[in-house]
Structures are given as structure tokens and as C-alpha cells.
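Engineer: One predicted model, sequence on top.
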Amino acid sequence: MAHLTVTQRIEILLFIGCGNKTRTQQEVCNLFNATCPDNPITQSTVSKIESKFRETGDIKVVLPLKDLSKPGRPKITRDKKIDIVLNMEENPQSTSTPVGSENEVSQTTILGILRKENYHSYKFQLNLSQEKYILQKSSCKMI
């Protein structure tokens, strides 16, 4: 598909028309190419712009369209995602590597699933007050 500006896409939709005063896609293609000879389009381009507009109501091409589902099987089944989340809830200290090997999924995929489910990885750090630090240091010297 030719690279078109938003204004050019609107112009194509206006050329198509509405109601009983519509033009064919080939007529729109010829009309647009006559007005913009420096950026010619094909009938296929007109078809794609019209179908995207009818599907989404938007003229901008945003890839991927997050509102529309993609065809084909999902990368990971919903049951496997649920198993991963439940596994992390039951054992929050476990890392993504063993969870991935249990579910036959990569570590990166595990981290992505957990991120989408609003789980955040973190590392506990022990913060000692000054008094406890001195006490701990003195007890270490005694040993």
C-alpha cells in the first residue's frame, strides 16, 4: 500500500462518496491519480483504506490493531497462562526459569505474561538502622 498522509486518506474516502452517490474503487483510483500524479495508488489501496475505515471507523493505519483479534492460534493457551499465574501465586519465591521449564515455555514469555497480569519482580534488600548496623557489626567481630 502506498504511503499516504491522513489528508490523502480522507480525500480517497470523500471520492468514494456515500449513499446512492458512490463511485467504484477503480473510479476513485483514477480520480486520485489524476489529482495526485506524484503519489499514484492502485485499486487495492483504495479497497484497503475503505475496508479499514468500515471496520474501525478510523482513517489512520495503526499496526497492529489492538482492538481486532489476530487470526490463527494464540501463542500460548489461556489455560497455560492461568497455570503460570497460579504457580507464581502458590510459590512467589520461585523464579521464571523453573516455572518456564514446568510449563514448557521460555523465561521471557513467563516474564511477559506476569507483566501483563501486573506482577512485578523485585529484590528484597535488608535495610538496617544505624543502631542495628553497629550492633550486628560488633557481634560479627566477637565471632
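Structural biologist: Nice, thanks for sending it over. Predicted model, so just to flag it, every value in this text is computed and none were measured. Numbering: from 1, shown residues only.
Engineer: How far does stretch 26-46 stretch from one end to the other?
Structural biologist: Across its full length, stretch 26-46 reaches 8 Å end to end, with Cα to Cα, to the nearest Å as the criterion.
Engineer: If we go by neighbour counts, what in it is buried?
Structural biologist: By neighbour count with 16 or more other Cβ atoms under 10 Å, stretch 26-46 contains the buried residues 28-32, 41, 45-46. C-beta: built from backbone N, CA, C; applies to glycine.
Engineer: And the chain, what are its domain boundaries?
Structural biologist: According to automatic domain parsing, the chain comprises the domains 6-56, 78-116.
Engineer: Quick one: closest of the ones you listed to Gly72.
Structural biologist: Closest of the domains of the chain to Gly72 is domain 78-116, at 15.0 Å (criterion: Cβ to Cβ).
Engineer: With mean pLDDT and distance to Glu131 added, can I get the domains of the chain in CSV?
Structural biologist: Converted to CSV, these look like this (pLDDT from 0 to 100; distance: least, Cβ to Cβ, whole Å):
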stretch, mean pLDDT, distance to Glu131
domain 6-56, 87, 63
domain 78-116, 86, 30
